[in-house]
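Engineer: Got a sequence here, can you model it:
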Amino acid sequence: MTSKKDVMESHGIKDHYNWVPDFVYGGIDGAVTTFAVVAGVEGASLSLPIILVLGFANLFADGFSMAVGKYQSDKSEQELFDKIKRTEYEHLKSKPEHEREEIVEIMEGYGFKGKDLERAVEIICSNDDVWVDLMMRNEFNMTEEGVEPLKGGVITFVSFVTIGFIPLLGYVFGIGGENAFAVTIGMTLFALFIVGTVKARFSVRHWFLSGLETASIGGVAAGIAYYVGYLLRGLMV
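Structural biologist: Below is the predicted model:
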C-alpha cells in the first residue's frame, strides 16, 4: 500500500521543517524588544553599565521565554493533531460506513457527482493514510507539515539573540562614541528593514512595504520606550 509520504516524495514534495519563518519572527521580536529597552534607558539618561545590564538581561531572558513559548505551542499543536489522527484511524475500524459517508460529503463539496464521485470515494477509501489525511484537512482543518517543536524553539532563540544583539553593538564595541544611540537607531532600523523584506516571502505584500512596516514597528516601540524613560528619569537616583 502506498502511503501519503511515498506519494509526496514521488512528486518531489518534502515534508520537512522550514526554519526561515521562525528565524524571521524571532529576529523581529529580539530586535524590537532590545531596541525598546535601550531606548528607554537612553530616555532616562542612565549610564552605559545600566544599558548593558538591562539590554543583555532582556536579550537572553526574553529570548528564552519566546523559545519556550514556541516549543510548547508547537508541541501542543502536534500532540492534539496526533490525538485526533489516532481517533480517526480507530473510527475507520469501528464505524467505516459513517466515515465513508463523510468522504462522500467532502467530495460532493468539491463538485464530484455520479460515477466520478463513486470512483473518487473508492480510491480514497482504499488507502487508510489518504482517507485519514483528507478527514483531518477537511473535517478538522488540520495538517502536519514540518512541525518540529524542538527545532522551532532553538531557531527562535538563536534568531532572537542574534538579531536582538544589534541594538547593543554600538555600546559593546564603542561604535559612534557619544553618538552611539544614533548609530544604534540606524543599525537596528536597517536590520529590521532587511528582516521585513525576508518576511515578505511568506505574504503577498511588496518586499519594500514589508521591510518599511517592520522597521516602523521597531521605531514606534523604541519611541514609546524612550518617551516613557524620559518622563520617569526623575525617579532614578
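Engineer: and the next element down the chain from the helix or strand bottoming out on mean pLDDT in the chain?
Structural biologist: Sorting the helices and strands of the chain by mean pLDDT, DSSP states H and E puts helix 4-10 at the bottom, at a mean of 44. As assigned by DSSP states H and E, the chain's next helix or strand after helix 4-10 is helix 20-43.
Engineer: And that following helix, what's buried?
Structural biologist: Of all the residues in helix 20-43, those buried under the rule 16 or more other Cβ atoms under 10 Å are 22-43. Every C-beta, even on glycine, is put in place using the N, C-alpha and C of the backbone.
Engineer: list the helices and strands it packs on?
Structural biologist: Helix 20-43 sits against helix 48-94, helix 149-164, helix 166-172, helix 180-199, helix 207-231, with contacts defined as 3 or more Cβ pairs under 8 Å, 6 or more residues apart in numbering; DSSP states H and E.
Engineer: Need the CA coordinates for that helix. PDB is fine.
Structural biologist: C-alpha atoms of helix 20-43 as PDB (Å, rounded to 0.1, in the frame of the first residue of the first chain):
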ATOM      1  CA  VAL A  20      13.000  30.600   7.900                       C
ATOM      2  CA  PRO A  21       9.700  31.800   9.400                       C
ATOM      3  CA  ASP A  22      10.800  31.100  13.000                       C
ATOM      4  CA  PHE A  23      14.100  32.900  12.300                       C
ATOM      5  CA  VAL A  24      12.300  35.900  10.900                       C
ATOM      6  CA  TYR A  25       9.800  36.400  13.600                       C
ATOM      7  CA  GLY A  26      12.300  35.600  16.400                       C
ATOM      8  CA  GLY A  27      14.600  38.100  14.900                       C
ATOM      9  CA  ILE A  28      12.000  40.800  14.700                       C
ATOM     10  CA  ASP A  29      10.900  40.300  18.300                       C
ATOM     11  CA  GLY A  30      14.500  40.300  19.500                       C
ATOM     12  CA  ALA A  31      15.500  43.500  17.700                       C
ATOM     13  CA  VAL A  32      12.300  45.300  18.700                       C
ATOM     14  CA  THR A  33      12.300  44.500  22.400                       C
ATOM     15  CA  THR A  34      16.100  45.000  22.900                       C
ATOM     16  CA  PHE A  35      15.900  48.300  20.900                       C
ATOM     17  CA  ALA A  36      13.000  49.400  23.100                       C
ATOM     18  CA  VAL A  37      15.000  48.600  26.300                       C
ATOM     19  CA  VAL A  38      18.000  50.600  25.000                       C
ATOM     20  CA  ALA A  39      15.800  53.500  24.000                       C
ATOM     21  CA  GLY A  40      14.000  53.600  27.400                       C
ATOM     22  CA  VAL A  41      17.300  53.600  29.200                       C
ATOM     23  CA  GLU A  42      18.600  56.400  26.900                       C
ATOM     24  CA  GLY A  43      15.400  58.400  27.500                       C
END
